[in-house]
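Engineer: turn this into a model:
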Amino acid sequence: MTTYVYETIPARPGEKPRYHEIKQSMSDAPLTKHPETGEPIQRVVLGGFGLLSSGKSARRTSSSGRPGCGPSCGCH
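Structural biologist: Next up is the predicted model:
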């Protein structure tokens, strides 16, 4: 079982969502209503992990000469 984070969908403008952790199987469809209260909810997408690679493409060097530093990283 996986724990997913869900948030309530505010009924009024300015109302803050409440967050819930709900255990589900990965094959279950996302919930649309809280199982206990019946409130409308939506699954929150959280950060995951990126693609890790080994090989020449993983050892890029920027124009500054720093390994792994790209033009958009702000380290120039």
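Engineer: tell me the contacts of Tyr4?
Structural biologist: Contacts for Tyr4 (C-beta atoms under 8 Å, 6 or more residues apart in numbering) come out as Glu21, Ile22, Lys23, Gln24, Pro30, Arg43, Val44. Using the backbone N, CA and C atoms, a C-beta is placed for each residue, glycine as well.
Engineer: please pick the buried ones from the residues you listed.
Structural biologist: The neighbour count (16 or more other C-beta atoms under 10 Å) marks Ile22, Gln24 as buried among the contacts of Tyr4.
Engineer: mind listing the strands for the protein?
Structural biologist: Secondary structure of the chain (DSSP state E): strands located at 2-8, 19-24, 41-43.
Engineer: tell me which of the ones you listed sits nearest to His34.
Structural biologist: Taking C-beta to C-beta, strand 41-43 is the member of these nearest to His34, at 5.1 Å.
Engineer: just checking: what are the partner strands of the closest one?
Structural biologist: strand 2-8 (antiparallel) (DSSP bridges).
Engineer: mind saving the C-alpha coords of the strand it pairs with as PDB?
Structural biologist: Only the C-alpha atoms of strand 2-8 are listed here, as PDB (Å, rounded to 0.1, in the frame of the first residue of the first chain):
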ATOM      1  CA  THR A   2       1.200   3.500  -0.900                       C
ATOM      2  CA  THR A   3       0.300   6.600   1.100                       C
ATOM      3  CA  TYR A   4      -1.000   9.500  -1.100                       C
ATOM      4  CA  VAL A   5      -1.600  13.100   0.000                       C
ATOM      5  CA  TYR A   6      -5.000  14.500  -0.900                       C
ATOM      6  CA  GLU A   7      -6.400  18.000  -0.300                       C
ATOM      7  CA  THR A   8      -9.900  19.100   0.100                       C
END
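Engineer: ok, Ile41 - how many residues close by?
Structural biologist: Applying other C-beta atoms under 10 Å, we find 22 other residues in the vicinity of Ile41.
Engineer: which residues touch Val5?
Structural biologist: Tyr19, His20, Glu21, Arg43, Val44, Leu46.
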